[in-house]
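Engineer: model the structure of this input:
(one chain, ligands or ions: 1)
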Amino acid sequence: MQLTLDLLPRTGAQDVVLLVDVLRATTCAPIVLDVRTRSTPDPRLHVTASLQAARTYAAANDLLLAGERDGLPPQGFHLSASPAQLRAATLERDTVFTSENGPRALDVLTETGAPRTLLLGSFQNAPAAARAALDLATSEIRVVCAGVRGEEATEDIVCAALITDLIEREARVRAVPLNVGGSAHLARTLLRAYPDPQEALAQSRSGQTLMRLGLHEDLAVASLIGQTPTVPVLAHITRQHEHAVHTFTALARPTETPTV
Ligand SMILES: O=C(O)[C@H](CS(=O)(=O)O)OP(=O)(O)O
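Structural biologist: Modelled structure (predicted):
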């Protein structure tokens, strides 16, 4: 089994991809599905890079709008891209989510066809995401950092390194041979430099932006490890105004006793 860590998204992955956008898209995603599970057994989360597509898709399907531009909710949105706000929210309908980096990464990853399985991971669901990736992969797992405006993001790299470590640990338990490559070694070096994830978030470009906006609680929530067993998995892609809308469901939870 090949295990690869990519510092930025690229097209062409075919088996299992686990996208990491800690601040804040892939931190929000399992939280939205968890909150929504209180009202429905089969929640959906629709993710798009386009503000216009988000608005039209929400209006056409009677959905809530959550997201951000420049860190704040756009006009008419019901909710922000804030994990702190979302986990305290009541979601009576499914949600369309748009933000600046995570959805764009999804566009890149699915540009020439979606991989067989596309999962969303963050510190919040890191152990569950690592197990799910190993459960579902047949030949390759790519742990992919979303980055910020096309550049590498410290918080994504540190989280991707943690998930890579967890996958390796679980593979050892299951006696699955792994060939680890890409930027895994480099990412691990950064993880060792930041044993406290919140410090990595505070030092990061996105973290600094969010703190300037007074959104310190988002950093605190986003740095908590293993808060949920929920792993969002891509169910299908639809087009709206020439833009992709990626629909995620919660991956069914395995029944066996977790080992990581
Ligand atoms: O605000 C967000 O959550 C980010 C933009 S920034 O990196 O904080 O400036 O968007 P995301 O798509 O979640 O990375």
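Engineer: what's the neighbour count on Leu91?
Structural biologist: Per other CB atoms under 10 Å, the neighbour tally for Leu91 reads 22. For glycine as for every other residue, the C-beta is placed from the backbone atoms N, C-alpha and C.
Engineer: got a list of what it touches?
Structural biologist: Listed by CB atoms under 8 Å, 6 or more residues apart in numbering, the contact set of Leu91 reads Val32, Val35, Arg36, Arg38, Ser39, Pro43, Leu64.
Engineer: go again using 7 Å as the cut-off
Structural biologist: Going by CB atoms under 7 Å, 6 or more residues apart in numbering, Leu91 touches Val32, Val35, Arg36, Ser39, Leu64.
Engineer: I'd like to know which of the residues you listed is nearest to the ligand.
Structural biologist: Val32 (12.6 Å; CB to the nearest ligand atom).
Engineer: helices or strands up against the helix or strand containing that closest one?
Structural biologist: With secondary structure defined by DSSP states H and E, Val32 is part of helix 25-37. Under the contact criterion of 3 or more CB pairs under 7 Å, 6 or more residues apart in numbering; DSSP states H and E, helix 25-37 touches strand 45-48, helix 83-87, strand 95-98, helix 102-110, strand 117-121, strand 232-240.
Engineer: for it, which positions count as buried?
Structural biologist: Buried residues in helix 25-37, counted by 16 or more other CB atoms under 10 Å: Ala25, Thr26, Thr27, Cys28, Ala29, Pro30, Ile31, Val32, Leu33, Asp34, Val35, Arg36.
Engineer: what's around the closest residue to Asp62 other than its chain neighbours, how many residues?
Structural biologist: Sequence neighbours aside, Arg93 is the residue nearest to Asp62 in space, at 6.2 Å (criterion: CB to CB, 6 or more residues apart in numbering). Residues lying near Arg93 (other CB under 10 Å) number 15.
Engineer: how about the residues of the stretch 101-250 of the chain near the ligand?
Structural biologist: With CB under 6 Å from any ligand atom as the criterion, the stretch 101-250 of the chain meets the ligand at residues Asn101, Gly102, Ala146, Val148, Ser206, Thr209, Leu210.
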